[in-house]
Each structure stands twice: as structure tokens, then as C-alpha cells.
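Participant: Output the structure for:
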Amino acid sequence: MKFQRLLLVAALTMAGAAQAQIKVGVTVSATGPAASLGIPEKNTIELMPKTIAGQKIEYIVLDDGSDTTKAVANTRKLITEDKVDVVLGSTVTPNSLAMIDVVAEAQVPMISMAASARIVEPVDAKKRWVFKTPQNDIMMSLAIVTHMADNGVKTVGFIGFADAYGEGWYGEFAKVAAIKGIQIVANERYARTDTAVTGQVLKIMAAKPDAVLVAGSGTPAALPQKTLKERGYTGRYYQTHGVANADFLRVGGKDVDDTFLPSGPVLVADQLPASHPVKKSAMAYVQAYEAAHGKGSVSTFGAHAWDTGLLMAAAVPAALKKAKPGTAEFRAALRDAIEQVKDVPGAHGIFTMSPTDHLGLDQRAYVMVKIVNGAWKYQP
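Facilitator: Numbering: from 1, shown residues only. Below is the predicted model:
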């Protein structure tokens, strides 16, 4: 009888220890059309700290296959079955938007790795639980339009994904273009899984724009540009920060040379002047990732995952002072603490959150880049 009591005490002690572990649920698009974004994110999770403030961290990583329904199912599983304290993900905007209702209902904080401002704006009863690390579309749109205006572009053809990413980009780009007096003369869409965009390209070329902006992400964003090149378009090419990885360069080949795009500083961290405020923190990620995966393997998308970890690491100590992991009180305290982080240097910028700003980045979070001979070149 005494032995049974000892076993019961031991079991309860072990259960208590397990419950005290911080559980981090992750859903990324490691397969499907967004795999070139999700794979470096998944790889980056493996580099994140296993303890924060003396507390053990357990990462539970699931693949949503770039599918919205799967991303929602993963989020529900992580919350209801795995009892996670925070959700990181997903990789793309449509998935992240679909996950908001789930985390808000369960009152579990979420840090997205997707770009659209609609993921965190406006900060209402649901989105108060949601944060993100990639730069907003409006910030990157301003960088592109400014570069266009400075280089004499008067008319633009737009082609973007036929989903929330493309629509969000068009909305923000159109606002800034109008302010700068740049006319959008063509507005086309295509699916991430499309294998041809000839019809859309012919319409763009008929409008004879000075430049074309492709609002896509990952390798599918190369398709319109390759088609434009095949059809003989000779104007300026612009892409969004959604293409800032080696796979885009590989798939695009020579067809994407001379393309301009805004990017997080991490993409060209080694080219930045020593005085750049993000160089040190960006290089820390580059060195960690390349030590694990080889020189030249780093991408901006993995860096978005890295920054979710930095935000979490900054917030956990404050949350631990208020509650124990595995409780509703801890999850609420962690949400509050993320919202209060100040001057956290990341791979993409300096994060300062607030109750009305769940991104927390400013102009230090982007640089202009040009693709030259298949490589990224910083444009001072």
C-alpha cells in the first residue's frame, strides 16, 4: 500500500512537471505551393531556445500543406489536444486569417509568419490575441512606389495572387501609387497553383506599362515574370518581399535578373553598413541558420520564424511572474507581455508592440534590393 502511494505521488509530480513545461504549437506550410517559405521556417524552429528564463520549451510542429482547412485543423489540434500556450504560424496570409477565430475563441496568443496587415488590423476583440512578424504590405508598398517614382515610372501593370495576399497588396499599393501620381493601367490575378498566365500577361502588355509589379510569394511568383520575359516585355520589374528566398532565384533564373523588391534587412545583412541598426541582430540569425544548413541557405521567411521566437523569449519571463504554463492565466499573461515588448532587435527589424500595433516595426525593417546575376544586391 505504501509502495502504491509512492507511485501515485511520483506520477502526480511528473504530471505537474509536464504541465509546467511551456508548449509552443507551430503550423507551417512545409509542403504545397508555399513550401519554399515554410521549409526554412520549419528549419528555424529547430534552432529556437529549448529553455527560456529557466523554463523548458516544447515545440510541436505540424505541416498544413499550404492549405487553409488544414491550418485550421492543426490549430484546433494544437490547442485542444496538445494544450499549447502559444501558436506560431502559419506561413501564408489565407491560412493565418482563417486561424484567428480559433485562437481568439480559445484565448491562446498567436504570432503569425504571414504578411497581410489584415492579420492584425484593426486590433479588435479577436485580433487582440494575434501578432505577426513580417512587414506590412503598406510599408513595402511605400518602398516600391518611392523607388518607382524616383526612377521615372508613371504607369504600372499589377498581377497578384487571387487570394488575400494579392488583394491585400493591391489595396495598399493602389493607395500609395495614387498619392505618388502613378497610374495602375492593368490589374490581373492568378492562382498559386496555376501553370500558365498567358491571358493575364497579354492584357498587361497591351496596356504598355512602364513597370510591372508581381504580388506573389515563393516560387509561384516567378511565373508571371517568366511569361512576360518570353513575350518580350522590356519594362521594369518589381516583386514583393514574398519572393526573398533562394528557391525564387533558382526557379526564375535569368528571367528575374534586374528585378527590384523591398526586403527585410536580413536578406542582405552582410552587405549592410556597420551603422545599420538591424545588422547585428540580422547577422545573428544568418550565422545560426547557416551553421546548421550551409552557407547561402538563409531566407527571409525563416527569419520571420526566428523573430516569433525572439518575441516569445522577450515575453515569457514577464508571463511566468504571473502564472504557470498550461493555464488560461499564463496564456493571457503571455498575450499581455507580447503586447508590451519594447525595442526587441530581430532579424527583420526592431519590435515595439502596443495595444494598437501588433506588428511593431518601423522604417528600419526594410531595404531595397536588386537581383543581379542571380544574387541579391543591397541598394543604398
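Participant: where along the stretch 251-380 of the chain do the strands fall?
Facilitator: Shown for the stretch 251-380 of the chain, the strands assigned by DSSP state E, counting those that start in this stretch span residues 260-263, 344-345, 350-351, 367-372, 375-379.
Participant: who does the longest one pair up with?
Facilitator: By that I understand strand 367-372. strand 260-263 (antiparallel), strand 375-379 (antiparallel) (DSSP bridges).
Participant: Dump the ones you listed to TSV, plus distance to Tyr190, mean neighbour count and mean pLDDT.
Facilitator: The way it works is simple: take the backbone N, C-alpha and C, and place the C-beta from them, glycine included. Shown next, in TSV, are the strands paired with strand 367-372 (distance: least, CB to CB, whole Å; neighbours: other CB atoms under 10 Å; pLDDT from 0 to 100):
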stretch	distance to Tyr190	mean neighbour count	mean pLDDT
strand 260-263	18	25	97
strand 375-379	25	16	97
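Participant: now those strands as CSV including distance to Asp270?
Facilitator: CSV is the format used below for those (distance: least, CB to CB, whole Å):
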stretch, distance to Asp270
strand 260-263, 14
strand 375-379, 9
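Participant: and Lys175, which of the ones you listed is closest to it?
Facilitator: strand 260-263 (15.9 Å; CB to CB).
Participant: got any ranges where the chain has weak pLDDT?
Facilitator: For the chain, the stretches with pLDDT under 70 are 1-19.
Participant: Quickly list the domain ranges of it.
Facilitator: Using automatic domain parsing, the domain parsing of the chain gives 2-135+286-364, 138-263.
Participant: Against Tyr170, how distant is the closest residue to Lys70 other than its chain neighbours?
Facilitator: Nearest non-adjacent residue to Lys70, counting by CB to CB, 6 or more residues apart in numbering: Asp64, 4.3 Å away. Going from Asp64 to Tyr170 by CB to CB, to the nearest Å gives 25 Å.
Participant: Pick out whichever of those two has more residues nearby.
Facilitator: Asp64 (28 against 23; other CB atoms under 10 Å).
Participant: List the contacts of that one.
Facilitator: By CB atoms under 8 Å, 6 or more residues apart in numbering, the residues touching Asp64 are Thr27, Val28, Ser29, Lys70, Ala71, Ala73, Asn74, Gly89, Ser90, Thr91, Asn95.
Participant: And for the fifth one, the neighbour number?
Facilitator: Using other CB under 10 Å as the criterion, Ala71 is surrounded by 28 other residues.
Participant: Confirm Ala222 sits in a helix?
Facilitator: Yes. Counting by DSSP: H, G, I helix; E, B strand; the rest coil, Ala222 is part of a helix.
Participant: for it, what are its contacts?
Facilitator: Contacts of Ala222 by CB under 8 Å, 6+ apart are Val243, Phe248, Val251, Gly252, Asp255, Val256.
Participant: Among the residues you listed, give me the pair with the biggest separation.
Facilitator: Val243 and Asp255 (12.5 Å).
Participant: who's more crowded, the two?
Facilitator: Taking neighbours as other CB under 10 Å, Val243 and Asp255 compare with Val243 leading, 28 against 17.
Participant: Quick check: the more buried one touching Gly216?
Facilitator: Yes. Here Val243 reaches Gly216: they are 7.1 Å apart, a contact under CB atoms under 8 Å.
Participant: coming back round to it: dump the contacts of Asp64 to a markdown table, plus secondary structure.
Facilitator: Formatted as a markdown table, the contacts of Asp64 follow (three-state DSSP):
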| residue | secondary structure |
| --- | --- |
| Thr27 | strand |
| Val28 | strand |
| Ser29 | coil |
| Lys70 | helix |
| Ala71 | helix |
| Ala73 | helix |
| Asn74 | helix |
| Gly89 | strand |
| Ser90 | coil |
| Thr91 | coil |
| Asn95 | helix |
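Participant: Just put these in TSV and tack on distance to Met139.
Facilitator: Below are these laid out as TSV (distance: CB to CB, whole Å):
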residue	distance to Met139
Thr27	25
Val28	23
Ser29	23
Lys70	29
Ala71	25
Ala73	32
Asn74	29
Gly89	21
Ser90	21
Thr91	19
Asn95	21
